Every structure is written in structure tokens, then in C-alpha cells.
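Student: 3D model of this:
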Amino acid sequence: MTWLYLLAATALCLAPLAAALPPPPPIGPMIASLAATTDVPNLVSGVILHTRLYDTIAEVVVFTLASIGVRFLLAGEPTKTSIRAIEDAPSVVLCQLGATMATLIGVELALRGHLSPGGGFAAGVAGGTAIGLVLISGSARLSDRLYRRWRADLWEKAAVIAFVVLSAFALGGVPLPAGTFGTLASGGWIPLLNGLVAVKVTLGSWAMVQLFVRHRGLL
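Tutor: Model prediction:
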């Protein structure tokens with residue numbers, strides 16, 4: 001009987017593969033409709049920050065919870081007095097050059113993410129990469145002082161709150177001037193949401209990496 005059950009289960013799983021898929025609908029009208037609805041050329045940003053904005057809010061909240069979890073996990077550990085870093089001069093220069101390039105790319109992705117490939121999450125990843133390169137190149141203590149001095153943790157929380165509030169306005173149908181299609185000041189709420197996501201992901205990455213360096217002594 002066991003073999004009979006296995007054969008029946010296998011046939012049930014393979015049966016859909018024998019049927020031909022229905023022909024796909026024309027994608028051109030759907031793309032044109034999405035571009036007209038979101039008012040941005042980058043349809044990915046339009047989907048993330050307009051048609052599935054509920055999901056994006058949840059993603060931002062999950063990232064925030066991850067940052068809070070790292071703080072909670074390392075709260076009871078002592079601060080390391082010695083922090084390891086790269087000491088080879090050419091490697092340090094390359095890390096600093098890479099951090100500069102990643103920063104410029106992050107700013108570009110945040111400002112033009114609704115016009116060209118990119119967006120807030122990609123900009124935040126670029127910003128977090130820049131901070132990581134700065135930390136491993138020997139500037140961990142300077143980075144920690146800057147983080148405390150400019151209260152980056154408060155700016156991170158403010159970015160989350162502002163993102164949720166603006167998302168509520170967008171979901172509630174509160175209009176914002178769409179601007180001229182293809183320009184920086186276009187897309188309604190989408191450019192603002194892109195910038196807030198970039199700030200949130202960058203500062204959240206900075207906070208988590210900074211904590212690991214402070215309490216573990218290395219990345």
C-alpha cells in the first residue's frame with residue numbers, strides 16, 4: 001500500500017506539468033497603466049511604494065525590529081577596549097575610496113530611485129556598505145563619536161515615524177502634486193518615501209554594525 005500511495009502522490013504532483021500553460025496576456029498595456037498610475041519611470045519603485053505599499057511598511061518595520069533585537073542582544077555585553085582593523089596602508093586607502101564611491105552611489109540611488117534603477121533600499125545598502133568600509137579601515141572610534149554626537153539613533157526613529165505617517169497619507173488618498181513625468185520632482189509621495197527608506201536603512205545598518213564593533217571588537 002505504501003508504494004501505491006507514493007505513486008498516487010507522484011502522479012498528483014506531476015499532473016500539472018503535463019498541461020500547457022495558458023498564453024500570457026500582453027504586457028505592454030499593463031506597463032503603460034502602471035506608469036500612468038504611479039507617475040514614475042521606474043516601475044519597480046512604483047510597485048514597492050505605491051501598489052504594494054502595505055508590504056513595504058511591513059518590511060521597514062521588520063528591519064526596525066531587527067535593529068532593536070541587535071541592541072537588546074548586545075546590551076548586557078561589556079564594551080571592548082581593543083578594536084581590530086585593517087592596518088595595511090593600501091588596503092585602508094582602498095576601503096576609504098570604496099566608502100566614498102558607495103556614499104555617492106547611495107545618494108544617487110536615493111534621489112533618482114524613482115527615475116532609474118535603484119531606490120531607498122538599494123541606497124540604504126550602499127550607505128551601510130560605506131559605513132562598514134569606514135569601520136574596518138580603522139575609523140571605528142571616530143564613527144562611534146559621530147554616531148553619538150549627531151544622535152543618529154534619534155534620526156533613525158524619526159525616519160521610521162515619518163515613513164509610516166507619509167505612507168498613511170499616501171494610502172489614505174491624500175494627493176501630492178505629481179510633477180512632470182521623468183523629473184526629480186515627480187511621482188507624488190514616492191521620492192519622499194524613497195529618501196526616508198534610504199535614511200532608515202543606512203542609519204539602522206550603522207547602528208547594528210557599530211554595536212557589533214563596540215561589543216565584539218570586530219565585524
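
Student: for the host helix or strand of Ile131, packing partners?
Tutor: Assigned by DSSP states H and E, Ile131 falls within helix 120-134. Where contact means 3 or more Cβ pairs under 8 Å, 6 or more residues apart in numbering; DSSP states H and E, helix 120-134 is packed against helix 89-112, helix 190-216. The C-beta positions use only the backbone N, C-alpha and C, and glycine is treated the same way.

Student: winner for burial among those helices?
Tutor: Among the helices and strands packed on helix 120-134, the stretch with the highest mean neighbour count (mean count of other Cβ atoms under 10 Å) is helix 190-216, at a mean of 23.

Student: tell me the angle it makes with helix 89-112.
Tutor: 150 degrees (axes from the mean of the first three to the mean of the last three Cα atoms, to 10 degrees).

Student: for this structure, which spans come out with low pLDDT?
Tutor: 1, 217-219 (pLDDT under 70).

Student: Next one: the residue nearest the centre of the chain from Pro16, what distance?
Tutor: Centroid-nearest residue in the chain, with Cα atoms, centre = their mean: Phe121, separated by 2.3 Å. Phe121 sits 34 Å away from Pro16, going by Cβ to Cβ, to the nearest Å.

Student: returning to what we had before: indicate which one of the helices and strands packed on helix 120-134 is closest to Ala152.
Tutor: helix 190-216 (5.2 Å; Cβ to Cβ).

Student: can you give me how far that closest one is from the chain middle?
Tutor: Computed by Cα atoms, centre = their mean, to the nearest Å, the chain-centroid distance of helix 190-216 equals 9 Å.

Student: That one to helix 120-134, inter-axis angle?
Tutor: Using the same axes, to 10 degrees: helix 190-216 against helix 120-134 is 30 degrees.

Student: What helices and strands are in contact with helix 190-216?
Tutor: Judged by 3+ Cβ pairs under 8 Å, 6+ apart, helix 190-216 is in contact with helix 43-46, helix 53-74, helix 89-112, helix 120-134, helix 140-149, helix 152-171.

Student: Output those in TSV; the columns should cover distance to Gly28.
Tutor: Formatted as TSV, those follow (distance: least, Cβ to Cβ, whole Å):
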stretch	distance to Gly28
helix 43-46	12
helix 53-74	25
helix 89-112	25
helix 120-134	26
helix 140-149	48
helix 152-171	27
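
Student: Check these for me and report the most buried one.
Tutor: By mean neighbour count, with neighbours taken as mean count of other Cβ under 10 Å, helix 120-134 ranks first of these at a mean of 23.

Student: Now tell me what touches that helix from outside.
Tutor: Residues from elsewhere that reach helix 120-134 (Cβ atoms under 8 Å, 6 or more residues apart in numbering): 48-49, 59, 95-96, 98-100, 102-103, 105-110, 113, 143, 193-202, 204-206, 209, 219.
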